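Participant: let me see the structure of the following:
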Amino acid sequence: MFLYLLIKFKKKCRLKMNKKWEILAPDKILVKNICRQVKCSPVTASILVNRSIVTPEQAHNFLNPSLSNIRSPFSIKDMDIATRRIYDAITGNEKILIFGDFDVDGVTATVILLEFLRYCGADASYYIPHRTKEGYGFQKEHIEKIASPAGIDLIITVDCGSDSINAIKAAGYAGIDVIITDHHNIKERPEHAVAVINPKQNGCESGFNNLAGVGVAFYLLISLRKHLRDNGFWQNMPEPDLKNLCDLVALGTVADIVPLVDENRILTKTGIDIINSQAVSSDSPFSRPGIKALVDASKINENSVDSGDISFKLAPRINAVGRIGHANTAVELLTTKNLQSAKDLSMALENANTQRQNIEKILSDKILQHIEINPHLLKSNSLVLAGQNWHEGVLGIVASRLVKKFYVPVVLISINGSSGKGSARSIAGFNIYKGFDECSEHLESFGGHTMAAGLIVRPEKITIFKKKFEKTVSEMTRPDDFVPTINIDRELKFDEISSNFIDALECLKPFGQGNPEPLFMAKNVKVLFSKIVGEKHRKMLLQQPWGKTDNKINAIYFNIDPDAPLSDYYERIAFTLQWNHWKGSKTAQIIIKAS
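Facilitator: Below you'll find the predicted structure:
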């Protein structure tokens, strides 16, 4: 019986994961115009148009990201109020507390604000809550147990606080001012806050909706530095170069999976360049030996860090301590100026990440086994599962893996006593924040973004929430939304691949949300050689035999089905193309994404 269920389960998986291949067809006139005026290749121009970059000016700015092109921060609502209040706190020697979130975005936002304020001589400290002991967000208890006893005069939140109405009220009663800096969806402005800097709030017409929390904090520093300049603050000390903080802005921006367009692209590109060149002098107040130590611990090739390395190597390690232990360790790593301390702290992150991976695997295996025994769960348009004392620190990661596997919105809830805390991840066609809003009558609280959100629900309400959520997903989606689409930029013959071609693709970096890595398709591909590496990755040498140049190219296919037979021929493959850096040399390599 179990074997029958397992077979049915696997068949169901295959049905769920049928993918639609779509070859994009950019407007030929737009492509030709960009090609002619920007002096780029037709392939580059086509990729730009596929990403809605349709004018020569847009194309030029995209290919030449510069800090000089970022828009002014002064259009963000309440920016002037927040700037003046922080200036008063600095010059008045008030006690400032930075309250941050425990993920990479929150940690990096905390660090850039902390370092800048301390450089200015401010009496600044920080507080990040413990994920499992305190949960997400700025709460009333933080006023009563942390801020008031410490005599704090001003609290500045980063990457949180937009919905912390009770905490802000409590701060007011205690005589503490609160400035909110955040980028999460906001339903109503907390009226007791001195200022709310959140581009998503009603009445803010700045157009900065895509900024990560660290991006919002960075824009606050741009405004604050200018206000200090206008008031003669820098006469007796060097004015800091905020460019030197962009390494942290890049980490937080990429890790939070916000669109890498406009300012996000500029700040991320600038930050990655700093990480790779180590351009910040060791004498600078913003030097960062911790990042180099983390790059070394992650075994990333020196001077070749890209957005993918941040997403899959650096960010998981920074996040790990917040998931398994306390995010303060990550703050210490990113603020230390001592090389040995940086190495020791990077190893602490490495160990936490290994521990996180083990916990994640145990929970993933447990959930998949449950689905195998209960295959009817996959007949729904959503997957809502709850368990006793599941580790809250890995729920979001496991949910992401389940979305990738089954392509439905996933909500995982850990029940601990009288409370259930959950993390959710979604698919492209469903706004999970709006979905939770439709189910809010059954939730204690919720917050998040379009693709990721968190919730608190009473255990006795989980069943009714599950039914309501499934109904909401069904009403807000179409059948096509549950079929992942592979958007192919163009068909590419192996004959067309050259060093210049790959270098041109490199100019489109950094890749990420909103600027995906160019995806190509090749037909009739022969496998000349292959071997399995790392248990489930297939390393190959490929060729299109009918090509004019007999071009052969190295390829790797990650996470293949270990039970599937190895073919020596592919009718078609979808792939990305990049340089593979190894011991100071580089070779062309295909990364197969689908076949």
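Participant: measure how far stretch 323-333 is from the centre of its chain, please.
Facilitator: In terms of CA atoms, centre = their mean, to the nearest Å, the gap separating the centre of stretch 323-333 from the centre of its chain is 18 Å.
Participant: so how far does that stretch reach from one end to the other?
Facilitator: The first and final residues of stretch 323-333 sit 16 Å from each other (CA to CA, to the nearest Å).
Participant: quick check: buried residues in that stretch?
Facilitator: Of all the residues in stretch 323-333, those buried under the rule 16 or more other CB atoms under 10 Å are 323-333. (Each C-beta comes from the backbone N, C-alpha and C, glycine too.)
Participant: output the residues you listed in CSV; the columns should cover secondary structure, distance to L345 and pLDDT.
Facilitator: Formatted as CSV, the buried residues of stretch 323-333 follow (DSSP: H, G, I helix; E, B strand; the rest coil; distance: CB to CB, whole Å; pLDDT from 0 to 100):
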residue, secondary structure, distance to L345, pLDDT
R323, helix, 16, 90
I324, helix, 14, 89
G325, coil, 12, 90
H326, coil, 12, 94
A327, coil, 12, 95
N328, helix, 11, 96
T329, helix, 6, 97
A330, helix, 8, 97
V331, helix, 10, 97
E332, helix, 6, 97
L333, helix, 4, 97
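Participant: quick one: which of those is nearest I591?
Facilitator: Closest approach to I591 among those (CB to CB): R323, at 27.6 Å.
Participant: follow-up on the earlier one: can I get the buried residues of stretch 323-333 in a markdown table including distance to G393?
Facilitator: A markdown table is the format used below for the buried residues of stretch 323-333 (distance: CB to CB, whole Å):
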| residue | distance to G393 |
| --- | --- |
| R323 | 3 |
| I324 | 6 |
| G325 | 9 |
| H326 | 11 |
| A327 | 11 |
| N328 | 15 |
| T329 | 14 |
| A330 | 13 |
| V331 | 17 |
| E332 | 19 |
| L333 | 18 |
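Participant: which two of these have the greatest separation?
Facilitator: The largest distance within the buried residues of stretch 323-333, taken as CB to CB, falls between R323 and E332 and amounts to 16.5 Å.
Participant: in the helix ranked longest in the chain, what counts as buried?
Facilitator: With DSSP state H setting the assignment, residue counts place helix 339-373 as the longest helix in the chain. For helix 339-373, the buried set under the neighbour-count rule, 16+ other CB under 10 Å, comprises 341-343, 345-346, 348-353, 355-356, 359-360, 363-364, 367, 371.
Participant: for stretch 66-86, same thing?
Facilitator: Judged by neighbour count (16+ other CB under 10 Å), stretch 66-86 contains these buried residues: 70, 73, 76-79, 82-83, 85-86.
Participant: which of these lies closest to K536?
Facilitator: Proximity to K536 was ranked across those by CB to CB; first place goes to I70, at 42.2 Å.
Participant: excluding chain neighbours, what is closest to that closest one?
Facilitator: What sits nearest to I70 in space, not counting adjacent residues and going by CB to CB, 6 or more residues apart in numbering, is E263, at 5.0 Å.
Participant: so what pLDDT did that neighbour get?
Facilitator: The model reports E263 with a pLDDT of 95.
Participant: so it is in contact with A212, correct?
Facilitator: No - counting by CB atoms under 8 Å, no contact exists between E263 and A212, whose distance comes to 10.1 Å.
Participant: thought Q543 was touching V525?
Facilitator: Yes - Q543 sits in contact with V525 when judged by CB under 8 Å, with a separation of 7.4 Å.
Participant: contact partners for N69?
Facilitator: Remark: with contacts taken as CB atoms under 8 Å, 6 or more residues apart in numbering, N69 is in contact with 61, 266.
Participant: go again with 10 Å.
Facilitator: N69 sits next to 60-61, 262-263, 265-266 when contact means CB atoms under 10 Å, 6 or more residues apart in numbering.
Participant: please pick the buried ones from those.
Facilitator: Of the members of the contacts of N69, the ones counted as buried by neighbours, 16+ other CB under 10 Å, are 60-61, 262-263, 265-266.
Participant: can I get stretch 583-590 as PDB, trimmed to CA atoms?
Facilitator: What follows is stretch 583-590 as a C-alpha-only set of coordinates in PDB (Å, rounded to 0.1, in the frame of the first residue of the first chain):
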ATOM      1  CA  LYS A 583      42.600  28.900  -9.300                       C
ATOM      2  CA  GLY A 584      43.100  32.100 -11.200                       C
ATOM      3  CA  SER A 585      41.900  30.900 -14.600                       C
ATOM      4  CA  LYS A 586      38.400  30.900 -16.200                       C
ATOM      5  CA  THR A 587      36.600  28.700 -18.600                       C
ATOM      6  CA  ALA A 588      33.200  28.900 -20.200                       C
ATOM      7  CA  GLN A 589      30.500  26.900 -18.500                       C
ATOM      8  CA  ILE A 590      26.800  26.100 -19.100                       C
END
